[in-house]
Structure formats: structure tokens, C-alpha cells
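>>> Show me how the following folds:
(chains A, B, C and D, ligands or ions: 6)
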Amino acid sequence: MNLRRKQNGEVCMVLSGAAGQGIQTVEHVFTRIAKDSGFHVFATKEYMSRVRGGNNSTSIRISERPVKAYVDRIDILVPLNDNALERLRDRITSETIILGNEKYVRGERNALVVNFEEIAESFGNKIYENSVAIGVLSGIIGAQEEALVKHITAYFSRKSEDVVKANVNAALKGLEIGRTLGLRFELIPSQEVKSHYLMAGYEAVARGAIAGGCNFISSYPMSPATTVFTELSRLSKEYGILVDQAEDEIAAANMAIAAWYAGARALVSTSGGGFALMTEAISLAGMIETPIVVHLGQRPGPATGLPTRTEQGDLNLVLHAGHGEFPRVIYAPGNLCEAYELTARAFNIADKYQIPVFVLTDQYFLDSFYNVETMPDAKIERYVVKTDENYRRYEITESGISPRGIPGYGTGLVRVDSDEHDEYGHITESAQVRKRMVEKRLRKLKYMLEDSVPPKLFGPENYEYLLVAWGSTQLVLKEAVELLNDELKLNIALLHFSQVYPVHPSITDFIEKARKTIFFEGNATGQFANLLKLVFGIHTDERILKYDGFPFSVEEAVERILGVVGRLRREDE
Amino acid sequence: MNLRRKQNGEVCMVLSGAAGQGIQTVEHVFTRIAKDSGFHVFATKEYMSRVRGGNNSTSIRISERPVKAYVDRIDILVPLNDNALERLRDRITSETIILGNEKYVRGERNALVVNFEEIAESFGNKIYENSVAIGVLSGIIGAQEEALVKHITAYFSRKSEDVVKANVNAALKGLEIGRTLGLRFELIPSQEVKSHYLMAGYEAVARGAIAGGCNFISSYPMSPATTVFTELSRLSKEYGILVDQAEDEIAAANMAIAAWYAGARALVSTSGGGFALMTEAISLAGMIETPIVVHLGQRPGPATGLPTRTEQGDLNLVLHAGHGEFPRVIYAPGNLCEAYELTARAFNIADKYQIPVFVLTDQYFLDSFYNVETMPDAKIERYVVKTDENYRRYEITESGISPRGIPGYGTGLVRVDSDEHDEYGHITESAQVRKRMVEKRLRKLKYMLEDSVPPKLFGPENYEYLLVAWGSTQLVLKEAVELLNDELKLNIALLHFSQVYPVHPSITDFIEKARKTIFFEGNATGQFANLLKLVFGIHTDERILKYDGFPFSVEEAVERILGVVGRLRREDE
Amino acid sequence: MFDPKIYDIPGADIAWCPGCGNFGIINELKTALAQLELPPHRVVIVSGIGQAAKMPQYVRAHMFNGLHGRSLPAAVAIKMVNPELVVIAESGDGCTYGEGGNHFIHTIRKNPDITNVVHDNQIYGLTKGQASPTTARGQVTTLQFDGVPVDPFNPVAVAVALDASFVARSFSGNFNLTVELIKMAIKHKGYALVDILQPCVTFNKVNTYQWYRENTYLLPDNYDPRDREWAFKVATGTSKLALGVIYMNPNRPVYEEQLAPYMTDKTPVAFRGLEV
Amino acid sequence: MFDPKIYDIPGADIAWCPGCGNFGIINELKTALAQLELPPHRVVIVSGIGQAAKMPQYVRAHMFNGLHGRSLPAAVAIKMVNPELVVIAESGDGCTYGEGGNHFIHTIRKNPDITNVVHDNQIYGLTKGQASPTTARGQVTTLQFDGVPVDPFNPVAVAVALDASFVARSFSGNFNLTVELIKMAIKHKGYALVDILQPCVTFNKVNTYQWYRENTYLLPDNYDPRDREWAFKVATGTSKLALGVIYMNPNRPVYEEQLAPYMTDKTPVAFRGLEV
Ligand SMILES: Cc1ncc(C[n+]2csc(CCOP(=O)(O)OP(=O)(O)O)c2C)c(N)n1
Ligand SMILES: Cc1ncc(C[n+]2csc(CCOP(=O)(O)OP(=O)(O)O)c2C)c(N)n1
Ligand code: SF4
Ligand code: SF4
Ligand SMILES: [Mg+2]
Ligand SMILES: [Mg+2]
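Residues are numbered from 1 along each chain as shown, chains lettered A, B, ... in the order given. Ligands and ions are numbered 1, 2, ... in the order given. Alright, predicted model coming up:
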């Protein structure tokens, strides 16, 4: 199975160049043209922690079938500067076409010169180059002229009419060239894709938050989580969202908790290092039983680590953040619908149980996008009660949940206290009260477990091998499993967890049915496997881990699964 | 076995009153008199989070044999105000003598009136009351006049000569009264105890730090960890220690790390909430491979919790503090010698492996004291190298340890970076370098494991039941086990861990030998048992947990062990 | 005027030392609230951790007793979510200027309509007597055995430097002045700092009632708190500490009023979507 | 004078945008070091995280590139442990005044003998253009779509309010002035702030080179930086930004010199017990 070979009905294009060179423009406009032309689109980018220079790239898959995962394969590579090819060498095969300005493609096997720059100049300015490139790529896949004109126009709408016109003309010229290159990558469009949206991970999280009633965000910028913050800020007027760029993460987290206390539904968006600073506040939420929703976009640590890259290394941190003992819930969506649904759910569950709820994503997830038909339904569930004069904020109940009032809604006083407290919220030094309060808080776990999201099985019901994964690896592994089953006649299924704590107990049944289970994670120690081992006592010896800062590609997943399965079979013999 | 009954050769005295009423004076002076009179002494206090008022108490055991653990039993209770008895009701038995001013003991069974106040007034001032009380207690146990005079004099040495004299005379009067009360608690002194020190947990940690070469402490006050900070500040001139009361815990932790970078051996002392704020810095230490030693004095959480009480609830926090993945070591001393030895060792191990090392204690441990003969030897092991021009701070080595230089020592440049870096400490974006560096950092774990402190077995080698415990519960359980084996002919041993991570692998052998193992912890979820279950896959179903803010007493330990053993035996039948 | 007793918590066990300046402040606060006729359910007292921070435990009103150092972010958020509430952030000098120093300077910039009452006893009370940011250089404490080796933080000067919209200083022993200043601060639209000098009779043996009486003065009648340079001079004067309204700038926009949800609709975000 | 090239890192891949004001500052810093003839192994550059904070990556000297916001505590500790080192804390406006604001105000109080160079581009560069504490009210950014709703932080005024021992402001485009001020700051005994206005050509389209040229002025010859009230006036002046030494108080004790280990023995704690 040579996965690096051109696949029918699909083309993988990669743009590579320095930060600030227009990769993002091409990515943005071209993917929209492709989608509006009726093609499925997936795109993901990797970039250095710098604003200009260095080397970044975007990988775009255009296909007749839904595509939602990153592949190493490059059918067409467009270098945008001198050293654009360097870091991509091991993704270039004998079939990869290197297309672009002569000076950048010169000397490459399969070089295909299209002088974007020259063509652009013929329309009056070198800077129309990007539009030419967009046109050429559109031509190659057989995109529609109408879509091209629409999106070029939209993108430059804030510029003068002349500039818009020049760009459109340059792009049309590119389109013509692309169509006549004879590369045979034209795809058959599908009508329904045209009405789809292109949605990125960060948008799904932000929109999910709004669907869950989010009306407050306090955060401090930190890659890769800033995009969620920005998106909610952008939508703040439309949806009535209070936005605060806090002086630091500590302020952000304390604000979010106090905002819930006062009656808002608040979110913070951060990454590992920023979250580390919030852990005392998480403990506060645990003690005062006030909800908070945290979106944590993971990147490789420790410390500053690789600020713009990806990892699944902060599960343990989130599991144990905050001193003392109190319950929490952690979601880790595997696709855009889940991100939307679970972020909305995070608000409802936080409100219901009065606990911290986490949405754990990562750079790969947030910065990738594909076309979706629609988002699932989500509704806002509010659990705030109207108080009366006898209101006790920490009334001891069987479920551990005390009805939560907010100041000014009803006649009661809402008194919360970070010290151990009695039912009225007043400081206590009593061992008995302490014990009852600890037990009350922990009692919620039982009900939280009943509310936990079961894992999803992808692949055959009667699998021989089972992959267990969580979070952003879902779609890559789903595609890998399909390939392995279809092409190599393996019998593998994927069990994916979008709620990683508390873990749905059905896992044991799934694992019992497997001949062997392989645990898949984007970190160096197998944090989720450890959690499963601890809670369910299951064997988690077979682990496929990755911690170099980059996401799994479909090809790498396939290779590594084959490696393990091959060894297991030999061992079985 | 009635443990609440008077035991031969031993007396348990409790002082109870409001904060600021002189309990601490009596405790301080009386225990010194007792020790200098040749008696073994153990004392521990519990106090409310307030400066004046409320109700606090100190429990003092004076004995002919070494005593090092807290017991509920009260032989003599001295109330110092009106409501001093309230919170102690369930520790008072039919044998407990209630001794003191008439107004406080009136109406109690076994009330014994000694009007401290009146006697004090006869020496000129009511405030000599405490000295009278000290005298009376000293008389009851048969303490020596010489020791009494010495310690009263020393305590008031900064006052005028008249005041000293009046206090001494008041105390002598008390002594005389105490001797003639006829309570029959006189103990037989032992010569060797006189040369012992009285040492509290916090002093053992502070002295251990100095023994380990600590010459820098930056901290922010937080109960119960402040005493270690204060002690090092007090000794700063004598031992050349740089002391900084930082503006917050974040500054404290970053300072300590930078101090190690510059060549110091630095400590921070904090509690759970303060430590939560330091977790980002812990991750920094992990990334730049710069040592840091953290003393964490645990108290009950979450949030502010019970600021002056005790718990073992922060193991998970310390285990997983900081985003990303990197190695660490956690000690949890069970007695004063271990506290001294392991705190010293913390500095050596931190230096050797260039990692964060934690000393985990708790309020009970820090605020308890007993007499010790001497502290074990400890030596400073420094691993700093002299650099040359070709120095590479992050040289990749087989052990994962790169020789650590400091600025100005040698001709090399010491360049550390919180981003992922190459061997020179320079920012990298390379997947290969990233992978190698992650592996280098984690490689140290193997050697750290070889350096880990094995657990200690207390009790019979051929035990039927095994208790597993860590940290401050050691001495209570040791005494409980002795009682159960001696008096009830059980066959129980205690396996105590003073290093809780990485855990010494010998545990599995110990557990295999036991008919049943019971895990003992001062928290609500069994954090150490979970760790053992995760790492060694052992069964940890039998757990004795306590989370009401108070330490285990010997009696409570005995009762709860009996409860579990009884049930296990019935189940076995 | 209401009866200040309506703010009492029946049976509250007050943890302060006899003679502590905090007793003055709690009476002053309750009197100010009573004179402003603010019903308890309109008032939220937000505090950090410390002796001062126990205040809301003893005042019948809404209470958010959060983390050490974090009273201000919590107060700002509560005001954003429900601008109809009277929000008072109340805590100690250590809590507000030490652990919480970053929030102090940035809250001044934001200028939310909250009142910040700081019990400035120039010491860490609850943790037993270490130096606070406002402890004098050289003062011997339970931690600084050879005296504090740093210069004190000057909250009033910093507030003036940051153009805080209302800056006052009082002394807990001056009942009428303190009541008046707290009332002015609550009525003021925008962030209002009231730094109240408060004797800690247990741990600060330097800054006693007498010391404060001898080392403070009332600002003269002709003093103009809108004159920023004059205010700076007063704030940094080295002889005695000025009491009264030291600075005010009523022209600064109020933070929460500028935020998107309140552009067209004044309903507190707290109540949107609830049946009211 | 040394050759500034001795501070070059051969082959360093500089991550700043072409035209960025940081290029000016790195040259100014190297020139200042060269003129002071400080050999690389005597200098430690401590930074946080941000574009400015990448500085030590490109300067041959000791480097402590720590966490965002934490350059100052690290610098103070290094100076305490080894007072023989020249310690420069260098970072951005967001890092120093935002995330690190609490350290900023308290480091001024401590007054360690370190130099604090702040690249003040009035924006968060590395995270792509959000408001920093010094961004102007109303400025539209990549996060503040309707303009920044808070007033800017005034680091110079705060430093003056806290009696900082040396406070200067420069503009990265003014080579000679910046070199001179960095040199003075390094030579100054005590904490020395040099706030350097630095154009961010990518994200701050308001505060451009030209804007800074038009909106700054050099302090006049008769200006006396020891006059604190004058300094406050200059620091809070609303017309243009003053460049030069705005304030100094050379009388403040230096932090590390007062600490116990240095009372009788000046050997750096770093070297005690090592074979030197
Ligand atoms: C994060 C954190 N650090 C430290 C503490 C311990 N602590 C509680 S109160 C306090 C100081 C209180 O001083 P101040 O704010 O001046 O209040 P006061 O007691 O003097 O009224 C400290 C350090 C804490 N609770 N949380
Ligand atoms: C704790 C933490 N929060 C947030 C970040 C993300 N971050 C990195 S640099 C930066 C802002 C940088 O702005 P500034 O300090 O002004 O430096 P500049 O890039 O403008 O030079 C932020 C928010 C981080 N690295 N760590
Ligand atoms: S310690 Fe000081 S501040 Fe605290 S209650 Fe006592 S006197 Fe007041
Ligand atoms: S983003 Fe701004 S500050 Fe950063 S390098 Fe570019 S121009 Fe300079
Ligand atoms: Mg105080
Ligand atoms: Mg900046």
C-alpha cells in the first residue's frame, strides 16, 4: 500500500514559504473557491513562532469525498520563497509536482514553472502574485470561474475598485493557465458541498460556546488558544458577550468564576502555561462550587516549549489542577461537530454540577478546517434558582448539588467562601462539617459519571485489534483504520473518547472483545492510557506515542499501527 | 484494649484556650523543663485560623519511653478560659482530671481546682499565671527545680530582672503545689534524654535544608509552611542565606530557579494554594533543567480550605504540577530524622538530576515536636562544573544529564531557554531536536529510580496484614501497630514510604507477602494508593482515609485498623 | 437612613483581636451603607484572604470571599455581569498591593464602577506579622529579624500616577471621616480607592492608634483633589500622611458601560434569559 | 571600546520582521556593552517571552530566557546570588507591565542593581497584535475590534511614584540617545528602567517611526531628573513623550548589599564552597 501515491479523486496541495508571505491569503481564498466549486476541502497549517520569516506551510486536500485529516502526501507543492522546500524534503516523492516561479522550483525533479510574479506584473504589480497562484490552483482542480471571482472580490473588498479588478483579472489569467497545464487533477464536483460551511476547530469551539450560552470571556492571549478568544470578541456585539483581556491568566480565571457567581456563563481560553497559572483558581471553583469552563488549546511543553506546535501533553495537568480534592469533567473533541456540541455541553454540565469543566483541544485541532454541512443542535440548560430569605448556598443534598442562586435574583443572599464553610457559606472549623462538605462535593461524581459521554466506535463491530484514542487524533485514525481494513484487509476498529474524564465505563466491554488494544496519544508518557489503567485496571502496554510537536499524519498512523500489529502477530505465533 | 486509660510511665496533658492566651508559652517552657528533667516529650498543637480568641489546644505527652505520636487520651486537661472544654468533650473520659482556676473547671467530674490566677496575684500580677501553671505541671510529673528555674529565666530573659524573679517565684510556688497534689504521675527520669534536643518538624526541614547547602530562600508567607521560611530567615546571618520575601509565589518560584541557575541552592516553602501558583515555574525548571527544591506543607483544600489544619491532599498536585512532561522527585518524611536527611538530600538530588524536588509535609508534621538525640549525617553534594569556551548547556548524554555550569565559573556561557532548544540552548523548531530533547529529559527517570529511597518496614517481618502509608502518619501508625501486635496479638506491619515518587520497586515483594494490604492516607481519594495501583498494578481496595482536617490519633488508627481487619477476617471465613 | 444593624450577621463569631482597627472599619462600613440606604441584597462584598478579608463574613450582604490577592478581578467581573449591584472589594494591604498588585494597577486602568476598601495595617496580620508592602523600611517583624530591607509601596501615589478616578485615604479611628469617604467612594462613578490606615494591635507595634493620630493630617479646605500635581505632592509627602480625598478625575469612562452587551441594552447580562 | 561584534551569535536566525524597531535596540545594546567594555561572560541577559524577549537569543552573553512576565524576579535572584554579574532584564511592554506588572512595582521597591530594558512597542507582537498595557485607548487591534476600552499604563509615572532610582525613556530610532541611556542605566547603582519606544511595523500601525519622531521630545538641558515633582509632570504630560533620564534618586540603598550573607563577606554566594 503506497499511500504517498496519487489517489483518485483527490489532490493534496502544499504551500510553503516564510511567515507574512501570503500563504494564509492563498489558503483562505483558494479553499473557499474549491468548496464553492463543489469539492470537499481539508486544510491544516504548521508555523513557526515568529511573525515574519522562517518557514511555514499549509497542507490542503481537495477531494470528491469528504476529507478531514492530515496526510503527508504532496501532489502539488508551491514554494513561495528560496528555502521553502527545505523542511518538506521528506514529504516530496517522485510524483510530487513542484510548481511556481522559476527561481524557486529550478533544479527540482518534476519542476513546473509558472511565473506567478511575471504574470502578476503584467497586470500592473508583483503583489497580485497571490491571486495568480490562487487562479492556477483553481484551474488545476477544475474550480468554477464564478467562485473564483466571488472570493477574490470578497477578499479584497476593502481595497479600491482598481485593485479588486486587477486581482480578479490576474486570478482569471491564473485559472486559464491552471486549466491548461494538463495535470489531470480535475475533480468531479458535488452539488451539496456548495452549501456547506468551511469551519476551523477554533470556530467550532467558539460557536459551541455561544450555543451553550457563553456571554462572558476573560482571557490572556496565548497560542494556540487566542483564536477562540478573538472569535468571541469578534462576535461580542452580535451575541452580547462581555469580553475582557485580563492583565494576566490569574485575573482571567478569577474573573470567569466571579462572573458565573454573578450570573454569567463564562469561559477562559488558554494554553498549558497560562492554565498552570489558573490552577489555584480552579481549586477556588472546586471549593465555592461555582462553575467555570476552560478551553485549553494544548501545545508542546514544558514551559514555553514549542508555542505554535501541537501535543496532547496536558491531560494530567488538567486532571489534577488545583490543590485539594474536588470533581471535574474533561472533554476532548475529535471533530468539529463534537467540538461544537461538547463546548456547549461544557456550559450546561458546569452549571448543573457547579464544577470546572474543561474542553481540551490542541494546535492541530484548532488550526485545521474542513467543510461541514451543519452543526448539531445544542441547547442552553440553566440551573440558576430564584432565592428566598432562607436561602443556604451550600445546602447539603443527596446528590451533593445545592441549588445555586445569583445575587439580585430573588430575595436571598448568595454567600460563597473559599474557606471550608457551613451550609450558609460561613467559615467553619468543625471536623464534622468539614467531613460532610468534602463528601457532599465528591458525591456529585456518581451523577457526573451517569452524564458522561460514551466513546464512539469507528470501524467493524467485530474487530480483532482495537485502537483507543482521544481528542484531535480521531479523524486521522479513522482514515487510517479505513485504509488498513479496506486495502490490507485488517480488522481494526477505533474507540475514540471525546470525554476523557470521568471515563465512560463501557470501555471495559470494548477492550474485552479485542484481541489486543493499542493506545494512541500525542504525548511521551501515555497519559490517557495511564488514567485507564488506574481507573479500570486494564493493560495498556501497547502504546503509540508521538511528541515531536507535529500531528500524526494518516500515513504515519498507518505505518506505526502496521508496525505494532506485525510485531503482535509474530509474538502470537 | 482501652487506650483511653492511663498508661504506666506516661502522662498526657492538654492545654486548651483561646489564641493569644499563653498556651504557646506554657507549651514551650514546660516541654523544655520536662525534657531537661529527663523525660521523653511529644507535643502537637491544633489551632484556628485566627490570631486571638477561638479555641486552640496543645497535647503534650511526657513519658519514660520515647513518644512521638499524637494520642486522643487526656490524663490532665488544663482549661485556660470559659469555653476551653467545649471542643474537647469527646476526648474527656471518666479518668481525665480537669485542673485549673476554679471558674473554668467548676462543675466538671474530676475537677481539681488550682487557682493559678490567685497564686499569680500573690506574686504581684495576674499575668504570672502561666508561670504558675508551668510550675504546677512540672510538679505533677516530678520535674526538676533546676530545669524549671533555667527555662523560666530564659523565657523572660528580655524582660526586667524583677519580672524574671517574680515569674520564677510564681513557678516555684506552682512546682511545690504540683508536687503535693498527689496525682501520682511522677515519672522516672532517664539521664540520656537531658542531652537531647527538642525539635519540631519545621526545624528539621529548615536544618535539613541548611545541611543540604541551602543558601537562598524566596517565599511568600503561607500557613503551615511559613515556619520553615521564618527559621531560615532567623538563621540567615549564621549560615549566609539569601532571604527574599517575594511579592507573590510566582516571583518566589521564578527567583528560586534563577538562583540555582546563578549558582545558589535555593528553596521555596509554601502550601497548596501558593504552590498552585508556582506550577508554571515548575514546568520552567523542567524545561531549562535547572534544579529547584520546594517544601510544601500541606493543609486541607480546596482553595483556602482549613488554613491551619492538616491533610495529605496535595500529592496529585505535586505529581502533575506544570504543563508538559518532565521528571521530578517527591519526598514525604515520616519523622524528624527523615525530614532532616531528605530535605538535605532534596538539594543533592535536585542538583544531580537538574530537576524539581519536593519535600511534602503537612501541618501536623511541621507543628509537632519531640526529643531527638542527634540528626543523621548529611553532606552537600554539588554537581556544578567549570565551563570552557565550547560549553553546551544541553549536551545530549546517555544519562540525560548535561553538565551544569553557572555564569562566571569558567569561561563558557550558560544559556538556558524555556522554549524547546538545541544543545546550545537556542530556540529550535526541529521535530528531530524536539524528540531528542524530550527523550533526554525523560531518560533521567531511570537513574532517579535507582537513587530512590526504599520504604521502611516497621513491625514483624512475617506479617499477616500490611499497612502502607506515607509522610506524616508514620509514627502514629508505628505505635498503633505495636499496640495491636503486643496487646491484641495481631500480626501487622507497617510499610512506610518517605519517597513517594518515583516509588521504590521493592513494594511488590512486600505486598506479595501480606495476606491483605491496607492503605492509609490523610485524604479523601487515596492518592498514593492510586499511584501504586497505576505504577505497579496492585490491588488497593482497602483504604483507610481521613479528611476532616485533623491528624490520625493512635487510638483512631487502632480502631480503624481493627475495623478493617475484623471485616477482612469475617470475609475470609 | 437605615439602621446599621440590618447588616449584622446574627451569632457571627468575629475572629479579630480585641482592639483591632478592623472593628472601627466594620462599623464605618455598615454606617455608610445604612446612610446610603442600600438594602443588603443590592450589595456584594468581595474579598481576598487575610484578617481584613474576613469582613464580608460579618456583614449581611452578598459575599464573594475568594482567594488571597484576587478580590479585584472578582469584583470587576461581578460588576460587568450585573452593573445594578453595588460592588465593594475589601481586603488587606498584603492582599491588595502584594499578592494582588498586578490587579490593583490594571483595575485602575479599567475604571469599573466599584469601591475598593483597603484595610492598610502595614503588616500581614493573619499569617502573623510579616512585612506587608506598606511596612516601613527598617521595621523589625516576625520574619524580617534585621528590619525590612525594602522601601514601602505607596498605593496613593501609584493610583495618582495611573490617573485613578477616585483616591482617598482614611484612618479607621476617625469614624466620621471614614463613613464619609466610603459613602463618597460608593457614590462615585468609577473605580474608587479608600486606603484606610488600620492599627493591628497584635503585630504592628509601630503604627499604633497613637502613631496614626500623630502622623496623619486632614487635607486643608482649599485643597483641590482635581489638581493631579498637587495630589502627587500630597501623596509623596514624607512628613505626615494626608487624610481625605486626595485625587479624583471624574472624566474617565466607566469600564463596564463601554462593553458590547450594554451598547443598546442596559439589562444586566446576569438576568438575560432568566424569568425576572 | 570593544568591538560590538563580540556579542554576535554566529549564524543566529533572527526572528524579527524586517524594519522592526528591535533591530535598532539590539545594535544599541551591543554598542553600549562594547563601550562599557563588558566581556560577554560578565553579562547575563534575562528575558521573558515575546518578540523583545528573544533578544538574549541573539546576544553572546549568558542567557536566562525564562517565562512570560517573569524576567524581573529571575534577574533579581541572579543579582542576589552573584552581584559581580551585570544583570540586564530585557523584555516587552506586555511581558513587563502586563503579565509581570506585580514584579515591576515590587522590584522598584527592592531596588536591586539591575538594568531593566523594556521594548515598548505598545502592542503584543509575538501573539499577533492584541492590546498591550501601553496601547492607546480607542486603538483598534486584532482583538479589540471596537478599540481598546481602557486607559494605557504609564510605566514612567508609576516608577516615579515609587521613587525608582533611575527612570529613562528612549526611542529605538535614536541610536545615540539609546546607547547613552543604556550605558547610564548599567552604570547606575540600583534598579534602572529604560523604557524604549519601539515601532512594531507589523501590528502597530499607529505608533510608527514617524509617529514617535513627531510625538517625542528631548528633555531640555535645564531639566533636573532629581526633582520628583517635575519628573511627575513630565511623566504625565499629555502632549508629547519625553525622552532622556526622567527621574533618578541615587540615595536609595541597593537591595542585595543589605542582605545577610554580604554583611561581612563580599564573595558572591554563587562561588562560596566552589574551588575558584
Ligand atoms: C496564594 C496564597 N498565598 C498566601 C496565603 C497566606 N495568607 C493569608 S492572609 C495573608 C496575608 C494577609 O495580609 P493582609 O492582606 O495585609 O491582611 P491582614 O491579615 O493584615 O488584614 C497571607 C500571606 C494565601 N492564603 N494564599
Ligand atoms: C503565561 C503566558 N501567557 C501568555 C503567553 C503568550 N505570550 C507570549 S508573548 C506574549 C505577548 C508579548 O507581548 P510583549 O511582551 O509586549 O512583547 P512583544 O512581542 O510585543 O515584543 C504573550 C501574551 C505566554 N507565553 N505565557
Ligand atoms: S492580628 Fe492585627 S489585624 Fe488581625 S485581628 Fe489582630 S489586631 Fe487586627
Ligand atoms: S511583530 Fe512587531 S515587534 Fe515583532 S518582530 Fe515584527 S515588527 Fe517587531
Ligand atoms: Mg495587612
Ligand atoms: Mg510589546
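
>>> secondary structure element for the closest residue to ligand 1 within chain A?
When distances are taken as CB to the nearest ligand atom, chain A reaches nearest to ligand 1 at residue A:280, 6.2 Å away. In short, each C-beta sits where N, CA and C put it, glycine included. Using DSSP states H and E, residue A:280 sits within helix A:272-288.

>>> Partner strands of the strand or helix carrying residue C:247, with direction?
Per DSSP H and E, residue C:247 falls inside strand C:241-248. Using DSSP bridges, strand C:241-248 pairs in its sheet with strand C:166-171 (antiparallel), strand C:216-218 (parallel).

>>> Which SSE is immediately downstream of the first one?
Right, strand C:166-171. Next helix or strand after strand C:166-171 toward the C-terminus (DSSP H and E): helix C:175-187.

>>> Also the shortest one?
Using DSSP H and E, the helix or strand that follows strand C:216-218 in sequence is helix C:228-236.

>>> Pull the residues that contact that next one.
Residues from elsewhere that reach helix C:228-236, judged by CB atoms under 8 Å, 6 or more residues apart in numbering or on different chains: C:154, C:156-157, C:159-161, C:163, C:167, C:219, C:223-225, C:242, C:246-247, C:249, D:161, D:163, D:228-229, D:232-233, D:236.

>>> ok, now with 7 Å
Helix C:228-236 is contacted by residues C:154, C:156-157, C:160, C:219, C:224-225, C:242, C:246-247, D:228-229, D:232-233, D:236 when judged by CB atoms under 7 Å, 6 or more residues apart in numbering or on different chains.

>>> measure residue A:494 to residue D:37 for me?
Look at residue A:494 and residue D:37: by CB to CB, to the nearest Å, they are 65 Å apart.

>>> My error: substitute residue C:49 in the last question.
For residue C:49, the distance to residue D:37 - CB to CB - is 50 Å.

>>> Between these two, tell me which one has more neighbours.
Taking other CB atoms under 10 Å in any protein chain shown, residue C:49 and residue D:37 do not tie; residue C:49 has more neighbours (29 against 9).

>>> Secondary structure element holding that one?
Going by DSSP H and E, residue C:49 is not in any helix or strand.

>>> quick one: contacts for it?
Residue C:49 neighbours (CB under 7 Å, 6+ apart): A:418, B:304, C:67, C:68, C:95.

>>> Using the three-state scheme, assign residue 139.
With no chain named, the answer covers chain A. Secondary structure assignment for residue A:139 (DSSP: H, G, I helix; E, B strand; the rest coil): helix.

>>> Also residue C:80?
Residue C:80 ends up helix, using three-state DSSP.

>>> Could you check the pLDDT of the residue nearest in space to the middle of chain A?
Centroid-nearest residue in chain A: residue A:365, 2.5 Å away (criterion: CA atoms, centre = their mean). Looking at residue A:365, its pLDDT reads 98.

>>> Residue C:276 now?
67.

>>> same check, this time on residue C:115
98.

>>> ditto for residue A:1
In this prediction residue A:1 is given a pLDDT of 62.

>>> Which strands and helices lie in contact with the helix holding residue A:280?
Here helix A:272-288 touches helix A:249-262, strand A:292-298, helix A:315-320, strand A:356-362, helix B:272-288, going by 3 or more CB pairs under 7 Å, 6 or more residues apart in numbering or on different chains; DSSP states H and E.

>>> Within range of chain A, give me the residues from the stretch 51-200 of chain C.
Residues of the stretch 51-200 of chain C lying near chain A by CB under 7 Å from any CB of the partner chain: C:57, C:60-67, C:70, C:73-74, C:76-78, C:80-82, C:84-85, C:102-103, C:106.

>>> could you point out the longest helix in chain C?
Scanning chain C for the longest helix, with DSSP state H as the assignment, gives helix C:21-35.

>>> Could you identify the helix or strand that succeeds that one?
Assigned by DSSP H and E, the successor of helix C:21-35 is strand C:43-47.

>>> so for that next one, what's the average pLDDT?
98.

>>> do it and ligand 5 meet?
No. Strand C:43-47 stays clear of ligand 5 (CB under 5 Å from the ion), getting no nearer than 12.5 Å.

>>> who does the following helix or strand past that strand touch, helix- and strand-wise?
The helix or strand immediately downstream of strand C:43-47 is strand C:62-65, counting by DSSP H and E. With contacts taken as 3+ CB pairs under 7 Å, 6+ apart, strand C:62-65 sits against strand A:415-417, strand C:43-47.

>>> Of those, which is nearest ligand 6?
strand C:43-47 (31.2 Å; CB to the ion).

>>> what's the burial count for the residue of chain A found nearest chain C?
Nearest to chain C, among the residues of chain A, is residue A:263, at 3.0 Å (CB to the nearest CB). Using other CB under 10 Å, residue A:263 is surrounded by 29 other residues.

>>> Could you list the low-pLDDT ranges of chain C?
C:276 (pLDDT under 70).

>>> So the spatially most central residue of it: helix, strand or coil?
Nearest to the mean C-alpha position of chain C, by CA atoms, centre = their mean, lies residue C:117 at 1.3 Å. Classification of residue C:117 by three-state DSSP places it in strand.

>>> how near is it to chain A?
With distances taken as CB to the nearest CB, to the nearest Å, residue C:117 is found 17 Å from chain A.

>>> need the contact list for that residue.
Contact analysis of residue C:117 by CB under 7 Å, 6+ apart lists C:88, C:90, C:182, C:194, C:196.

>>> who's in contact with residue C:45?
Residues in contact with residue C:45, defined by CB under 7 Å, 6+ apart, are C:55, C:56, C:59, C:61, C:63, C:88, C:90.

>>> what about the fifth one, neighbour count?
Put plainly, it is residue C:63. By other CB under 10 Å, the burial measure for residue C:63, its neighbour count, is 27.
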